[in-house]
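Engineer: Please find the sequence and the predicted model below.
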Amino acid sequence: MSKLLAILFAALTIGLAQATEVVTINYAFSPADSMANYSRTLVNEANKLQDKYTFVFDTKPGAGGAIAAMWGKANPNNGIVMTSSAFFIRPNFYPNESHDVNDFKELLPECNAPIAVSSIKYKSWKEVPKDKQITIGVSGLGVTTHLVATQLQKNYPNLTVVPFKSTTDALLSMVSGNTDFSIGFLSEPENWSKDTSKVKVVILGITGSKSIHNHPTLISEGFPKVIANLHAPHHLVVNNKVPNNKFDDYRAILFKASKTKSVQDSYAVDSCDPLNSISDSEIQPWFHMQNSRWKQLTYGVKIN
């Protein structure tokens, strides 16, 4: 009898160990960013759906998302990177200090987010001087917000880019008066503009070709038309060396989690258009298309 109990206990212990394999999803920027909520919510829903893996949310900000990507390369068995278009952009500008896109494959396209330019100092672009030094905060060098800033510089050549680790840090610098503008995701400046107890933040324009929440597009304000293409897709990638069985598990669980109302609601906060209808057979072509697209969009762009 005691031998039978020992066998049952051992089987139960093995089952529990298998049921609690930890998989970390590292967001590539600050945990305070609105985008980080996508991963938090996704993790919560994924853990509700099954008991084979325990998904954990964490962050590894810095170097325009390259730190998180390089962590992902070092953790093929239990690491997922939640990143943005910066994943494709950064290596084009800093190839020696960044990750190699070809070391990864797509796990889950999440959504495509507009990027907003805001200020507390100026209420319209007509007020912005072209003959005076002005500053704009971005979420790092060689990332999507920086790419938007390079297009703004075509109209305002005296615009100086100031890099931060996140869109949140860039916004806080602007609202404290240290920089004139910030570039980030829509809900971040909107939260300030709606809260009468806070400094009034004015959203001067957004990427894309259509107005959202009555905010004008940057192209309607006279900026280069390429800005219409600079929405930021957010997505999950893994190391190419992740075992196929784990990749299939992660993909199935997270794809299902991404369809839940709470995750869809987290996208909606930033008017981030869902991309999670992309099928299993389409995700790697989407990944390669994004890599090619951002190479084209960064071609000829000089970063000073």
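Structural biologist: Everything's here; your move. Quick caveat: nothing in here was measured; it's all calculated off a predicted structure.

Engineer: For the protein, just list every one of the strands.
Structural biologist: Applying DSSP state E to the chain gives strands spanning 21-27, 53-59, 79-83, 104-113, 115-119, 134-138, 159-163, 181-185, 202-206, 232-239, 273-274.

Engineer: TSV for those, including distance to Ser98?
Structural biologist: Quick note: C-beta positions are derived from backbone N, CA and C, even for glycine. TSV is the format used below for the strands of the chain (distance: least, Cβ to Cβ, whole Å):
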stretch	distance to Ser98
strand 21-27	16
strand 53-59	18
strand 79-83	12
strand 104-113	12
strand 115-119	21
strand 134-138	16
strand 159-163	15
strand 181-185	20
strand 202-206	27
strand 232-239	14
strand 273-274	27
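
Engineer: Go ahead and confirm Ile212 touches Gly205.
Structural biologist: No - taking contacts as Cβ atoms under 8 Å, Ile212 lies outside contact range of Gly205: 10.8 Å.

Engineer: Neighbour count: those two, which is higher?
Structural biologist: The residue with more neighbours, out of Ile212 and Gly205, is Gly205; 25 against 17, by other Cβ atoms under 10 Å.

Engineer: Any idea what that one is bridged to?
Structural biologist: Beta-bridge pairing for Gly205 (DSSP bridges): Val117.

Engineer: what does the model give it for pLDDT?
Structural biologist: If you check Gly205, the pLDDT there is 97.

Engineer: residue contacts, it?
Structural biologist: Counting by Cβ atoms under 8 Å, 6 or more residues apart in numbering, Gly205 touches Ala116, Val117, Trp125, His215, Pro216, Thr217, Leu218, Ser220, Glu221, Phe223.

Engineer: distance of it from Val148?
Structural biologist: In this view, Gly205 and Val148 are 10 Å apart by Cβ to Cβ, to the nearest Å.

Engineer: Please report the number of neighbouring residues for the residue nearest to Cys111 when sequence neighbours are not counted.
Structural biologist: The shortest distance from Cys111 to any non-neighbouring residue, by Cβ to Cβ, 6 or more residues apart in numbering, is to Cys272 (3.7 Å). For Cys272, the neighbour count with other Cβ under 10 Å is 25.

Engineer: Please apply the same query to Val175.
Structural biologist: Every residue meeting other Cβ under 10 Å relative to Val175 is counted, giving 18.

Engineer: Distance from the chain centre to stretch 228-239, please.
Structural biologist: Counting by Cα atoms, centre = their mean, to the nearest Å, stretch 228-239 is centred 7 Å from the centre of its parent chain.

Engineer: Could you pull out the buried residues of that stretch?
Structural biologist: Neighbour counts over stretch 228-239 (16 or more other Cβ atoms under 10 Å) mark Ala228, Leu230, His231, Ala232, Pro233, His234, His235, Leu236, Val237, Val238, Asn239 as buried.

Engineer: Check stretch 199-211 too.
Structural biologist: Val201, Val202, Ile203, Leu204, Gly205, Ile206, Thr207, Gly208.

Engineer: on that earlier part again, of the contacts of Gly205, which is the most crowded?
Structural biologist: Ala116 (30 neighbours).

Engineer: ok now do it, which residues does it touch?
Structural biologist: Ile183, Gly184, Phe185, Leu186, Glu188, Pro189, Glu190, Ile203, Gly205, Ile206, Thr207, His215.

Engineer: Now flag whichever of those is closest to Lys256.
Structural biologist: Of all those, Phe185 has the smallest distance to Lys256: 25.2 Å, by Cβ to Cβ.

Engineer: who's in contact with that closest one?
Structural biologist: Neighbours of Phe185 in contact, by Cβ under 8 Å, 6+ apart: Asp33, Ser34, Met35, Ala113, Pro114, Ile115, Ala116, Thr167, Ala232, Asp270, Cys272.

Engineer: Out of those, name the two that are farthest from one another.
Structural biologist: It's Asp33 and Pro114 that sit farthest apart of the contacts of Phe185, by Cβ to Cβ, at 14.8 Å.

Engineer: More neighbours: which of these two?
Structural biologist: For Asp33 versus Pro114, neighbours defined as other Cβ under 10 Å are more numerous around Asp33 (27 against 23).
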